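> heads up, no residue letters with this:
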């Protein structure tokens, strides 16, 4: 009798276990909750008119279906952002908005765009931002004073001022080092390397040909495009500052706006956009696209993100910017209106 009861209990337990497992496999899969309205898309920085608090931020979703202007004001009680939005940087959950003529850095949550903090300590005509070693580094060019300010990412406290011998413009991080472009407005041949452990200048690199136009970083290396009135050059720098490769663009004058997307370089010369494989030595002869508007502000902003080319026309700063989005084959995908003086595009 006891054996029969034991067998019955074992059968009942097995049935219960099978039912439990069956129920568990039918449990709904919990999807990760969105962090905010701006989690998947691209921010556009709109400088605004110099001397007025008309800088704004625009947003477009990855599928190009949703466009929103005045993102900062809309999420912060309709408060104006400031005067000349120069650059946007990301670290953790935060976005850092560099306001050049307002002499401040506005920090917001990158997914909700709610304000987190405002930094003004030691800020003087800030330009660009980079991150390393739990700090953020901001170039400042105020009159004859050129320097990099260091701030703590955890407290936003001022850490140190690093004086430069030349203009401090674009700044990037690569393999734990900070690289400062000592060139602006098409003039300058030097890059300064900062050691973020000691926050001291480690080395200055002089590129051999052309004036530096734009410096970027990807894959632990730094790339800078330099040009003359006849030829252009793309230099790859190692973390130590050594020039590890040179791509010579013979016959392409005044190239600028260097971008890397996937395995390709993208750059502009005049009103033409070119692309080429990073490993190629063949100079491209046919542009991806050529702009028909040859006004001075027709190519005010340029970026390539996830197979899409973004070009802004600032419309002479007399009207809001027109942003055209192309495929990397040169097909126009969408045209939108952003804010005044659109100059940057940033994947969130």
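Cool, the structure landed. Note that the structure is a prediction, hence the values are computed from the model and not measured.
> Name the residues of stretch 156-176 that come out as buried.
156, 159, 162, 164, 166-174 (16 or more other C-beta atoms under 10 Å). Any C-beta I mention is one placed from the backbone N, CA and C, and that applies to glycine too.
> I misspoke; the intended subject was stretch 307-315.
For stretch 307-315, burial by neighbour count (16+ other C-beta under 10 Å) applies to 308, 309, 310, 311, 312, 313, 314, 315.
> Return the closest of the residues you listed with respect to residue 223.
residue 309 (17.9 Å; C-beta to C-beta).
> That closest one: what's its closest spatial neighbour, skipping adjacent residues?
Ranked by C-beta to C-beta, 6 or more residues apart in numbering and with sequence neighbours excluded, the top spatial neighbour of residue 309 is residue 326, at 4.2 Å.
> What count of nearby residues applies to that neighbour?
18 (other C-beta atoms under 10 Å).
> Isn't it up against residue 332?
Yes: under the contact definition of C-beta atoms under 8 Å, residue 326 touches residue 332, with a separation of 5.6 Å.
> Tell me the one of the buried residues of stretch 156-176 nearest residue 112?
The shortest approach to residue 112 among the buried residues of stretch 156-176 belongs to residue 156, at 18.5 Å (C-beta to C-beta).
> JSON lines for the buried residues of stretch 156-176, including secondary structure and distance to residue 79?
Shown next, in JSON lines, are the buried residues of stretch 156-176 (DSSP: H, G, I helix; E, B strand; the rest coil; distance: C-beta to C-beta, whole Å):
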{"residue": "156", "secondary structure": "coil", "distance to residue 79": "19"}
{"residue": "159", "secondary structure": "strand", "distance to residue 79": "28"}
{"residue": "162", "secondary structure": "strand", "distance to residue 79": "32"}
{"residue": "164", "secondary structure": "coil", "distance to residue 79": "33"}
{"residue": "166", "secondary structure": "coil", "distance to residue 79": "36"}
{"residue": "167", "secondary structure": "coil", "distance to residue 79": "32"}
{"residue": "168", "secondary structure": "coil", "distance to residue 79": "29"}
{"residue": "169", "secondary structure": "coil", "distance to residue 79": "29"}
{"residue": "170", "secondary structure": "coil", "distance to residue 79": "28"}
{"residue": "171", "secondary structure": "strand", "distance to residue 79": "28"}
{"residue": "172", "secondary structure": "strand", "distance to residue 79": "30"}
{"residue": "173", "secondary structure": "strand", "distance to residue 79": "31"}
{"residue": "174", "secondary structure": "strand", "distance to residue 79": "35"}
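> could the buried residues of stretch 307-315 go into a markdown table alongside distance to residue 193 and pLDDT?
Listed next are these as a markdown table, based on distance: C-beta to C-beta, whole Å; pLDDT from 0 to 100:
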| residue | distance to residue 193 | pLDDT |
| --- | --- | --- |
| 308 | 32 | 98 |
| 309 | 31 | 98 |
| 310 | 30 | 98 |
| 311 | 32 | 98 |
| 312 | 31 | 98 |
| 313 | 36 | 98 |
| 314 | 33 | 98 |
| 315 | 38 | 98 |
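> out of the residues you listed, who's nearest residue 38?
Distances from residue 38 to those, taken as C-beta to C-beta, are shortest for residue 310 (16.6 Å).
> And the closest one, how far from residue 304?
7 Å (C-beta to C-beta, to the nearest Å).
> Equivalent analysis for residue 224, please.
Separation of residue 224 from residue 304 (C-beta to C-beta) stands at 17 Å.
> Show me where the stretch 51-200 of the chain has its helices.
71-74 (DSSP state H, counting those that start in this stretch).
> give me every residue that touches the spatially closest residue to residue 46 that is not a sequence neighbour.
Leaving aside its sequence neighbours, residue 46 sits nearest to residue 339 (C-beta to C-beta, 6+ apart; 2.9 Å). Shown in contact with residue 339 (C-beta atoms under 8 Å, 6 or more residues apart in numbering): 44, 46, 48, 54, 55, 56, 57, 58, 69, 70, 320, 321.
> Pull the most distant pair out of those.
Longest span within the contacts of residue 339, C-beta to C-beta: 44 and 54, 14.5 Å.
> Between those two, tell me which one has more neighbours.
residue 44 (29 against 20).
> contacting residues around residue 326?
Residue 326 neighbours (C-beta under 8 Å, 6+ apart): 288, 289, 308, 309, 311, 332, 333.
> what do you get for residue 283?
Applying C-beta under 8 Å, 6+ apart, the residues near residue 283 are 248, 249, 250, 251, 252, 276.
> Correct me if wrong, but it is in a strand.
No: counting by DSSP: H, G, I helix; E, B strand; the rest coil, residue 283 falls outside a strand, being coil.
> From residue 266, how far out is it?
From residue 283 to residue 266 the distance is 14 Å (C-beta to C-beta).
> now do residue 217
Residue 217 is 15 Å from residue 266, by C-beta to C-beta.
> ok, now residue 163?
34 Å.
> what does residue 343 give?
Distance from residue 343 to residue 266, by C-beta to C-beta: 17 Å.
> One more: residue 321?
Separation of residue 321 from residue 266 (C-beta to C-beta): 20 Å.
> Please apply the same query to residue 131.
Residue 131 is 24 Å from residue 266, by C-beta to C-beta.
> Residue 37 too?
Residue 37 is 29 Å from residue 266, where distance means C-beta to C-beta.
> and these two? which has more neighbours close in?
Neighbours were counted for residue 37 and for residue 266 using other C-beta under 10 Å; residue 266 has more, 20 against 17.
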